[in-house]
Each structure stands twice: as C-alpha cells, then as structure tokens.
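Asker: Got a sequence here, can you build the structure:
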Amino acid sequence: MARHDYNLVVLGGGAAGLVSSYTAAFLQARVALVERAHMGGDCLNTGCVPSKALIRTARFLSDCRRAEQLGCKPLRPEFDFAEVMARVRRVIARVAPHDSVERYSALGVECIQGEARLRSPREVEVNGHVLRTRSIILATGAAPAMPPLPGLEEVPFLTSETVWELRELPRRLVVLGGGPIGCELGQCFTRLGSEVTIVELQPRLLAGEDEDCARLVEERLRSEGAALRTGVAALSCKVSPDGGGVLLARPQTSQAAADDPAPNLELPFDRLLIATGRRARVHGFGLEELGVELTPQGAIKVDRRLRTSRRHIYACGDVCGPYQYTHAAAHQATCATLNALFGLPLRVSYEHLPHATYTEPEVARVGLNEQEARRDNIPHEIARYDLAELDRAIADEAAEGLVKLLFTPGGKRLLGATVVGPQAAELLMEFVLARQHGISPRRLLGTIHPYPSLAEACKHAVAQSSAAQLPRALLPWLRRLQKFLR
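Answerer: Here you go, the predicted structure:
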C-alpha cells in the first residue's frame, strides 16, 4: 500500500495553483487541486481578464472622441454602462473554460471544492476528509489591502474585486492609490464619463517607474479629464448628505513648510475605489499552528527554491510574492512543482521578469530602470528614442511614448528596457529575449524590422547607443578616406 494518497496537493485554483496542478499531472503525479470558490482565481474573475475587457471598451470610446485627429467628423458614442459590464462578464465566461474543473479533470487533476486546512506538513483536511500527500503547494493568492482609514466602512467603497459588481456608472469616483491598478481603472472610468480623482501619497503616479515615463501617463490622464492629487495623504472618510462620501486628505509638506501646512482637502465621491495594493491570503489554512513563517509584509516566507519554513510545504504566486503578476505566479509554479515532486534544487529567478501597466500609453519594463540604477550606484549608459520621431506612430496618431534602454558602460550588455506607448508589452519582448539569451545590442541592431512598424522604435533606440559608441576621432580619417576614394 502507498504511504500517501497523493504526490501533491495544491491549495488554490488561481494562476499559480493551476500551473502547479497541470505540471504535476503532466508528469504523471497524482495531484489534488483544492479551491474554495471559483476556478481561475483573481486573474480570471476580478483581475486581469475583466480589467482588460473594460480597458478595451474604454479605449474604443476614447478613439471615437479622437475621430477628428484621423480626418473624420466628430463622433459621440452612446453606450449603456450596464451593457458594458455585461460584456465584461461575457468575456469572463468565454475564458472560464480554460480554467474549468472539466478541463483540469480531463488533464488528470482531481479537483476538489471546499475549505482546506493543513493538519500536518503532509496532511490536508478538506470537507471533513484528510488528504495524505508527499508534498503541499500553497497558492492561495492575495486580496485587496484595506488601508486603516477611519470611517471607511461607513461610506460606499469598492475594491479591485467588487468594482465588477457595479451596474450604474458613478458620477464621481475617487481612486485611492496611483499604482498600476489605480491608473488603469482610473483611466477607464474617466473615459466612461465619471469625474475621476486619483489620490496618491507619493509625489507622482507609478512611483516604481522612471519619472519621464510616468509623466507621459500623468499627462494623458489629465488631458482626458482625470484630476490627479499626488503627494497627498488620505486621513479619513465621512458620509455625505447625498448618500455618497467625502475623503479627507492632506497634502504632504516639506520640513521647511511644516510651520505653515497646507489646508486639508475634501474630495466628494459617489464611490471610493481602494487601490492601495494587495495582501497575501495566509489566514484560515492552519499555517500558524504548523509554524509556517511569514515575512514582515505578511506573505509566506520562501527560499529561492520556493520552500517554506516547513519541510514538504512549498508556496508560489501572490501568497509569497515578491511580484504579484500572473506570469510571475506561473513561472514560480513550474519551479515549485518540479522541486516538490522530485526534490530538485531549482532556484527561481526574476532577473528577466517583465511587467506592464495597461494604461494608454502602456508602460512595460524588464530589468533595471534609471532610478533603480542611480539608487544602487550601478554604472550605466542610457539610450532613448521618442515615438514622436517614429513614422508608424505618426501615421497612427500615436506618437506619444518612448523606448529607454540602460546598457553597461560601453554598450555591450543590456541592463534594462522600458517601453512607453501603444503595444508596449508586445514591443518589450524583443528586449526580454535579448536579456534572457544574451543577445548583444549589435545583433539587435542587425535584425531587420518591417517598415513601417512600431517595432522599429526598438531598433532605433539600440542605434542611439551604437552611435554613441562610435569613436569620434575616427570621423576625420573616414572623411579623408572617402575623399580619396572619390
């Protein structure tokens, strides 16, 4: 008789859990996937899929309003917000079979719906039954982090999970948080017609990106009508007589102005959207009783092999971080599953991990950016190409953005790349491949790109670096040689 019922039990049916269970089944392991709510997790139901569906509709509305730029008469598109949200639900329903119980059962995964609790590092209790397994993978995801804001529970607020329940467009929407989620949803609701105010504690939006890159997003948001309150701290909320609420906030002041602080702000809203980050789901699974260690930020602590502090228990995805991206979760899941099944020493690497913010313009990056290189005193050279110079971007009325590359001194190796503009996430892949496979800038420059295309911007940016490396002292000699050859 086998010592265990399963080779692997996976907790959580989101991106990390799905990849873990599929990988284990493909490798002929007996695997159980436990999900307490909906297969597909946050990505399918409340994250990537619905947000990109809404972004597509909002972008269409924006394009209609810019019709004159394309030589057309002004267009005033009409829409029903409830129908827009119904389309979002249709998109979720169309993608759902990819993550369904039926599909994963057919792949060899035993899917179990219920609340899971760890009884030991090799026992999981679900619905009163105990699953005995050689290894466990925790992929329980994350939930919106709620700020300690007095009065929040008394006002009509939304999160990135509950915003999809809306059926009426809020006339006034205050977005608390100027990171990727806040910017994406803030721009969507601005384009849909809400009066949007984005409140951010940092001096600017998208604080993790370079200032010149984030500024392009800020400028577009302002031009479309969004109000940006950066460098502002939220203090509390209160109910307003009209059934909405008011956010009380205070502009951050320097020490020099501390004696004369700026007055508090009162920002009225019909809905308040909380977009202040996400917190790992670690409670209710018996982790405390087993002594599974957490990080100071409240995520599950793992090593480079994605092992927790308890042997036979691994973790991947948003529950352990450090990056809360679907593609990061999938990358971790493959590594964790191979280690859990075979005891391999595979170490997860984030060196070439890309990420993107799907505003308009999009912002996509891999590797270092300028502010990180300066902060860590990493020697670097910068090459930059503005889309305002790109023929295809001009023809598309989309000449708003840039390609910014960081090289080692001498331009021999690519340290990082940031692309801002249309289809930035797709354009970035040229640089992801270059970094991951050691493709030199010279080879990138020698690659033929179709004309006219947005991808030419990548080549032009590399050319900026190559031109800077050309020895200037050689030019007079070349001039003499050409004169001789004439």
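Asker: Mind listing what's buried along stretch 380-399?
Answerer: His380, Glu381, Ile382, Ala383, Tyr385, Asp386, Leu387, Leu390, Arg392, Ala393, Ala398, Ala399 (16 or more other CB atoms under 10 Å). All C-beta atoms are positioned from the backbone trio N, CA, C, and that covers glycine.
Asker: Report the residue ranges of every domain in this structure.
Answerer: Domain ranges of the chain: 6-143+279-342, 152-276, 361-469, per automatic domain parsing.
Asker: distance between the longest one and the chain's centre?
Answerer: With CA atoms, centre = their mean, to the nearest Å as the basis, the distance from the averaged C-alpha position of domain 6-143+279-342 to the chain average is 14 Å.
Asker: Ends of that domain, what's the gap?
Answerer: 14 Å (CA to CA, to the nearest Å).
Asker: ok, now stretch 224-235?
Answerer: Using CA to CA, first and last residues of stretch 224-235 are 27 Å apart.
Asker: for the stretch 1-150 of the chain, what are the low-confidence residue spans?
Answerer: 1-2 (pLDDT under 70).
Asker: ok, which stretches of it are strands?
Answerer: Using DSSP state E, counting those that start in this stretch, the strands of the stretch 1-150 of the chain run over 6-11, 31-35, 109-113, 116-120, 123-126, 129-138, 142-144.
Asker: again, but for the stretch 251-400 of the chain
Answerer: 265-269, 271-274, 278-280, 313-315, 354-357, 362-367, 381-386.
Asker: Could you tell me which strands sit next to the third one in the sheet, and their orientation?
Answerer: Which is strand 278-280. strand 142-144 (antiparallel) (DSSP bridges).
Asker: Only the buried residues of the helix or strand that the strand it pairs with is followed by, if you could.
Answerer: Heading C-terminal from strand 142-144, the first helix or strand you meet, by DSSP states H and E, is strand 157-159. Neighbour-count burial for strand 157-159 flags Phe157, Leu158, Thr159 (criterion: 16+ other CB under 10 Å).
Asker: just checking, what packs against strand 157-159?
Answerer: When contacts are defined as 3 or more CB pairs under 8 Å, 6 or more residues apart in numbering; DSSP states H and E, strand 157-159 sits against strand 271-274.
Asker: and the strand it packs on, what other elements does it pack with?
Answerer: strand 157-159, strand 172-176, helix 180-192.
Asker: closest to Tyr6 among the buried residues of strand 157-159?
Answerer: Thr159 (34.4 Å; CB to CB).
Asker: Which positions are bridged to the closest one in the beta structure?
Answerer: Applying DSSP bridges, one finds that Thr159 bridges with Ile274.
Asker: I'd assumed Leu273 was in contact with it.
Answerer: Yes - using CB atoms under 8 Å, Thr159 is in contact with Leu273, at 7.4 Å.
Asker: rewinding a little: ok, so of the buried residues of strand 157-159, who is nearest Arg103?
Answerer: Nearest to Arg103 among these is Thr159, at 28.6 Å by CB to CB.
Asker: From Phe407, how far out is the closest one?
Answerer: 41 Å (CB to CB, to the nearest Å).
Asker: Also Val95?
Answerer: 39 Å.
Asker: Have a look at those two and say which one is more surrounded.
Answerer: Neighbour count, other CB atoms under 10 Å: between Val95 and Phe407, Phe407 has more, with 23 against 18.
Asker: Does that one touch Ser465 like I think?
Answerer: Yes - using CB under 8 Å, Phe407 is in contact with Ser465, at 5.5 Å.
Asker: pretty sure Pro74 contacts Arg66?
Answerer: No - contact criterion CB under 8 Å: Pro74 and Arg66 do not qualify, at 9.6 Å.
Asker: Of the two, which one has the most company?
Answerer: Per other CB under 10 Å, whichever of Pro74 and Arg66 has more neighbours is Arg66, with 13 against 9.
Asker: Cool, thanks, signing off.
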